[in-house]
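K.L.:
Model the following, please.
(one chain, ligands or ions: 3)
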Amino acid sequence: MRLHLIGMPGAGKTTLGRALATAYEVPFRDLDQEIVRREQRSIPDIFSQDGEEYFREREAAVLRDLIAELPSLVLSTGGGTPCFHQNLDVLLESGLTLYLAVPVSELVRRLQRQAASRPLLAALPDAAALETRLTETLAARQRFYDRAPLRCAAPTCSVEAVRQLVERYNAAV
Ligand SMILES: Nc1ncnc2c1ncn2[C@@H]1O[C@H](COP(=O)(O)OP(=O)(O)O)[C@@H](O)[C@H]1O
Ligand SMILES: O=C(O)C1=C[C@@H](OP(=O)(O)O)[C@@H](O)[C@H](O)C1
Ligand SMILES: [Mg+2]
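P.N.:
Ligands and ions are numbered 1, 2, ... in the order given. Have a look, this model is predicted:
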């Protein structure tokens, strides 16, 4: 079992990924948390001290490390992961990739109180600005997310729904 979760910030990759790993009884890794552990500093600190380009380099390197280290896992990526450094090719080649599709209106509801921990969404004045930023970001990223062979849309994306999707996919290939 190698399952990779991709999707927008707030889609629930970290939350659902952890629950799926428990259900499948395989290790769970969250790419952002692994970067934080290895860098010994938070994501906002990495962005503010060294910039996004540095973060994307670390993200690409840690992604490849994790995939090489663990023969089975559920891996939750960051929202931008599939869009940089050929990371999507790496994800698609090494495991089964699931796109968590969540409408922007729901992302805004979930992220309103959490934008500070996500540097690309921080420092926006209000919910309308957050909605605009998320809409633009999704428009730029959709073509990457759409390459995932599995897609699960909110609000039905439970552990059980994903297990059924994976089962059906494996039976068909
Ligand atoms: N299915 C869900 N329904 C409602 N809220 C959710 C759901 N999944 C996650 N959340 C909430 O949304 C926020 C972002 O979730 P998180 O798992 O960190 O997303 P991601 O890793 O995709 O950015 C958290 O506050 C989390 O509790
Ligand atoms: O969308 C992005 O580019 C990012 C999303 C974050 O992860 P989540 O999707 O878990 O919030 C984190 O990797 C970083 O702040 C950049
Ligand atoms: Mg996350």
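K.L.:
Tally up the residues packed near Ala161, please.
P.N.:
Ala161 is flanked by 13 other residues according to other C-beta atoms under 10 Å. For the C-beta atoms, the positions are set from N, CA and C on the backbone; glycine is no exception.
K.L.:
That one contacts Cys152, doesn't it?
P.N.:
Yes: the pair Ala161 / Cys152 is scored as a contact, 6.0 Å apart, by C-beta atoms under 8 Å.
K.L.:
Arg29 in helix, strand or coil?
P.N.:
Following DSSP: H, G, I helix; E, B strand; the rest coil, we place Arg29 in the strand state.
K.L.:
give the contact list for the residue in the chain positioned nearest to ligand 3.
P.N.:
Nearest to ligand 3, among the residues of the chain, is Thr14, at 3.5 Å (C-beta to the ion). Shown in contact with Thr14 (C-beta atoms under 8 Å, 6 or more residues apart in numbering): 30, 32-33, 76.
K.L.:
and it, what pLDDT?
P.N.:
pLDDT for Thr14: 97.
K.L.:
Quick one: list the elements packing against the helix of greatest length in the chain.
P.N.:
Using DSSP state H to assign secondary structure, the helix with the most residues in the chain is helix 43-69. Judged by 3 or more C-beta pairs under 8 Å, 6 or more residues apart in numbering; DSSP states H and E, helix 43-69 is in contact with helix 31-39, strand 73-76, helix 87-94.
K.L.:
quick one: the residue of the chain closest to ligand 3 is in a helix?
P.N.:
Yes: assessed by three-state DSSP, Thr14 belongs to a helix.
K.L.:
Can you tell me which residues in this structure are near ligand 3?
P.N.:
13-14 (C-beta under 5 Å from the ion).
K.L.:
Provide a list of residues in contact with the residue of the chain found nearest ligand 1.
P.N.:
Per C-beta to the nearest ligand atom, Gly12 is where the chain lies closest to ligand 1, at 2.9 Å. Counting by C-beta under 8 Å, 6+ apart, Gly12 makes contact with 100, 102, 110, 154, 157.
K.L.:
Unless I'm misreading it, the second one sits right up against Lys13, doesn't it?
P.N.:
By that I understand Val102. No: applying C-beta under 8 Å, one finds Val102 not in contact with Lys13, separated by 10.0 Å.
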